[in-house]
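Q: Return atomic coordinates for the entry below.
(chains A, B, C and D)
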Number of protein chains: 2
Amino acid sequence: MTLDVRKRLVLQAVVESYVSTAEPVGSRTVARKYQLGVSPATIRNEMADLEEMGYLEQPHTSAGRVPSDKGYRFYVDRLMRNQQVAPDVAQKIREIYKRRTKELEALIQITAKLLSETTDYMALVLGPRRERSFLRFLRMIPVGGGRVLLALVTDTGFVENRWLHFQEEVDELELERISDTLNRYLQGVALDEMGYGLLRTIDVELSRSRYILTQIMELLEDETDPADEERVYLGGTVKILNQPEFKDIDKLKELLGLLENEEDVYELLNSIDVDDEVTVTIGNENRREEIRECSLVTGTYRIGNHIVGKIAVLGPRRMEYAKVVSVVDYVTRNLSEILTRYLDN
Amino acid sequence: MTLDVRKRLVLQAVVESYVSTAEPVGSRTVARKYQLGVSPATIRNEMADLEEMGYLEQPHTSAGRVPSDKGYRFYVDRLMRNQQVAPDVAQKIREIYKRRTKELEALIQITAKLLSETTDYMALVLGPRRERSFLRFLRMIPVGGGRVLLALVTDTGFVENRWLHFQEEVDELELERISDTLNRYLQGVALDEMGYGLLRTIDVELSRSRYILTQIMELLEDETDPADEERVYLGGTVKILNQPEFKDIDKLKELLGLLENEEDVYELLNSIDVDDEVTVTIGNENRREEIRECSLVTGTYRIGNHIVGKIAVLGPRRMEYAKVVSVVDYVTRNLSEILTRYLDN
DNA sequence: CTTTAGCACTCCCATGCTGGGAGTGCTAAT
DNA sequence: ATTAGCACTCCCAGCATGGGAGTGCTAAAG
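A: The predicted structure follows:
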């Protein structure tokens, strides 16, 4: 399944021309713009071969050629030259992550924006899944008027805040005692496992303060509600509209419909294999029908060795792969690094 | 500027027919569907009058009529009958706000989703502006490894979490002492006023712990960064695509472009007068060019008497005003009520 | 054996034309 | 004041047409 040098050059020319113009590429164009030193007729023969081998497609007889999924795949795996991130882009990315005071949620949001701005495609970012997050620390802070702020800090640096309400003022010392006990029992427990069962054990020890504990239990129970929003952040939704492949409103509707359903986006991105590299999935390689006309460039960010979430860029198959891959790679590294530095044990 | 009874009936018929079909309305249709007991010819005369008075428009000679902004305005102010929220919708809304443990941010997010689901138009929700929020409470919680979680609670119930990092473990008692002092000085101060100036006074008192204070100062300084994200939440972006008036990609791009710029959305909604009622702005009544083809139904939610933010529904001018107004009103009330109950002093 | 010029052929698409339909405004009769 | 009748306007869907871009094939040249 290897291609001779000239076929590679032709394929590369077709991909690059189509990426930049969105118009089917004719033999004439290839011969003229990408000096191969042969006539259009020769190119035509090569293109016919490439089509037969499945690397190119024709929208209809007598149109130019367009790369197939297989063609893009070959381009991404073999032809595309690794690209450095442009210095100004790298600068901008580093700049963003220099401010290290943000909590994880804000960081993720910024990442989505950053990705879409630097690539000019749409960005998806997933935060840590709740059921894979473990409690690091819990604290109750009385704010007056019977209101108590419950702060849950997870190993991934997420902070969840919840309110507790009581009829009368609660004693700060009592809260501290409860916090301490809860911490003792719950540290390292997954958030979605803090159901009644677990809490019942603690109940005994804290029976004196059951009225407080009851509220906390209800609240943590709520926490496990799967209908609860996932942490998916989108950036640059408008960018899709710049792509001529989405001039069709119905396709757009389908796509945006998918993206609005956070559970689906989660599943989509998590179905992609994790390895240390950036992963590209092209057209029909994608699980979901709705993005069979798109490509996805995905990176996985971590805290230490612990996988936290994904970042992805979504664009038309006709995507500037080299550039996007380099940016996704760079952003993933930066994000992982800052998280690891400040959150890893 | 008053219309006789029959003209009102005709105008109402045109608005309601156009709202439901998106097709220009002819005299025949009005006569047939909205039993007025007169012939199409009579209706034609009335419609010609209404057009002359500016309530109706003709896309072109020999098409039916379409309401003008003025026509919609009259409909909203005078013709539309106040509608009750459908029982199942009311049920759903109450349901959502019954769980009272969420922090404000989550509540706002849910509100955006709720609004778009119940109205079938797009929803915009603004959270409290930072510069109008005052510190209620501040607390530092050491989490181990030199990491300290700084939680800022505002009067509007917003909780901001920020991380502080130190070389070595910090003493919990010292943190508590600092927290106490800071609270004493900063309670009731607006978030964007916590600049160096103010902190310098405190510096003296806490000179022993300057290395901690310095970080806090930097961090709060950051807080005043106006480039920081505003709190705008969108719900149901896809819904716009269902409207035939947005079959044109360019208009769509313009609109989504506006909506992605949070500062602009803020300005747009805040330019709308606040009174206790729900406000409707139609077409050209809107400030921004980009939504001159849309209408906006806006409500203001509060904590006690203190204005916190806005909720809005964005749809085509051809909007089901009665329904949307009732939903926005109901949601506003519910949201204000729950916030007031749990956060008002 | 590879490359290339030449040419007939295919298919899309922008353009222009046409007829029917929906709706109007006017006039004259009720 | 209302309405039937009718001529008129305008849109739009459907169809035909021609030019252009691009192909595949053949035969000649390197």
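
Q: Do you have the strands of chain A handy? List them.
A: Taking DSSP state E, the strands of chain A run over residues A:56-57, A:66-67, A:122-126, A:135-144, A:147-154, A:159-165, A:232-235, A:279-282, A:294-303, A:306-316.

Q: so how far is the first one off the chain centroid?
A: Going by C-alpha atoms, centre = their mean, to the nearest Å, the spacing between the C-alpha centre of strand A:56-57 and its chain's C-alpha centre is 30 Å.

Q: Over to stretch A:74-84?
A: Here stretch A:74-84 shows a centroid-to-chain-centroid distance of 22 Å under the convention C-alpha atoms, centre = their mean.

Q: Once you drop chain neighbours, what's closest to A:Thr332?
A: A:Gly299 (3.6 Å; C-beta to C-beta, 6 or more residues apart in numbering or on different chains). For glycine as for every other residue, the C-beta is placed from the backbone atoms N, C-alpha and C.

Q: Bridge partners for the one you found, pull those for me.
A: As for beta bridges, A:Gly299 partners with A:Ile311 under DSSP bridges.

Q: Count the neighbours of it for me.
A: As a burial measure, the neighbour count of A:Gly299 was computed by other C-beta atoms under 10 Å in any protein chain shown and equals 26.

Q: again, but for A:Lys33
A: That count, for A:Lys33 with other C-beta under 10 Å as the rule, works out to 12.

Q: What of A:Glu320?
A: A:Glu320 is surrounded by 18 other residues when neighbours are defined as other C-beta under 10 Å.

Q: can you tell me how far it sits from A:Arg130?
A: According to C-beta to C-beta, to the nearest Å, A:Glu320 stands 35 Å off from A:Arg130.

Q: With A:Leu149 instead?
A: When C-beta to C-beta is the yardstick, A:Leu149 and A:Arg130 sit 19 Å from each other.

Q: cool, and A:Val308?
A: Distance, A:Val308 to A:Arg130, by C-beta to C-beta: 12 Å.

Q: do the same with A:Glu160
A: Using C-beta to C-beta, we find A:Glu160 at a distance of 9 Å from A:Arg130.

Q: Repeat that for A:Tyr97.
A: Distance from A:Tyr97 to A:Arg130, by C-beta to C-beta: 24 Å.

Q: quick one: the biggest helix by length in chain A to chain centroid distance?
A: What stands out as the longest helix in chain A, according to DSSP state H, is helix A:321-343. Between the mean C-alpha point of helix A:321-343 and the mean C-alpha point of its chain there is a distance of 12 Å (C-alpha atoms, centre = their mean).

Q: got it, and stretch A:171-187?
A: Per C-alpha atoms, centre = their mean, the centroid offset for stretch A:171-187 relative to its chain is 36 Å.

Q: list the buried ones in that stretch?
A: With burial defined by 16 or more other C-beta atoms under 10 Å in any protein chain shown, the residues of stretch A:171-187 counted as buried are A:175, A:178-179, A:182, A:185-186.

Q: Then stretch A:116-135?
A: Using 16+ other C-beta under 10 Å as the burial criterion, the residues of stretch A:116-135 that qualify are A:116, A:118-119, A:121-130, A:132-133, A:135.

Q: Closest one to A:Glu23 out of the residues you listed, please.
A: A:Tyr121 (19.5 Å; C-beta to C-beta).

Q: Check what pLDDT the closest one gets.
A: Confidence per residue is given as pLDDT, and for A:Tyr121 that number is 98.

Q: you'd agree it is up against A:Leu241?
A: No: counting by C-beta atoms under 8 Å, no contact exists between A:Tyr121 and A:Leu241, whose distance comes to 11.5 Å.

Q: Which residues of chain A lie near DNA strand C?
A: For chain A, the contact set with DNA strand C under C-beta under 7 Å from any atom of the strand comprises A:37-39, A:41-42, A:45, A:60-63.

Q: Farthest pair within the residues you listed?
A: A:Gly37 and A:His60 (29.7 Å).

Q: give me every residue that touches A:Ile249.
A: Taking C-beta atoms under 8 Å, 6 or more residues apart in numbering or on different chains as the definition of contact, the neighbours of A:Ile249 are B:241, B:246-247, B:249.

Q: Now list the buried members of these.
A: Looking at those with 16+ other C-beta under 10 Å, the buried ones turn out to be B:241, B:246, B:249.

Q: restrict those residues to those near DNA strand D?
A: The overlap between the buried ones among the contacts of A:Ile249 and the neighbourhood of DNA strand D (criterion: C-beta under 7 Å from any atom of the strand) is empty.

Q: Any chance of these in TSV with distance to A:Ile303 as columns?
A: Putting the buried ones among the contacts of A:Ile249 into TSV (distance: C-beta to C-beta, whole Å) gives the following:
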residue	distance to A:Ile303
B:Leu241	38
B:Phe246	42
B:Ile249	41
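
Q: Just the closest of those residues to DNA strand C, please.
A: Proximity of the buried ones among the contacts of A:Ile249 to DNA strand C (C-beta to the nearest atom of the strand) peaks at B:Ile249, which lies at 15.5 Å.

Q: Quick check: the gap between that closest one and A:Asp344.
A: Here B:Ile249 is placed at a distance of 46 Å from A:Asp344 (C-beta to C-beta).

Q: for A:Ser179, same thing?
A: 24 Å.

Q: swap in A:Ile272?
A: In this structure, A:Ile272 lies at 24 Å from A:Asp344, with C-beta to C-beta as the measure.

Q: repeat for A:Glu320
A: When A:Glu320 is compared with A:Asp344 (using C-beta to C-beta), they lie 34 Å apart.
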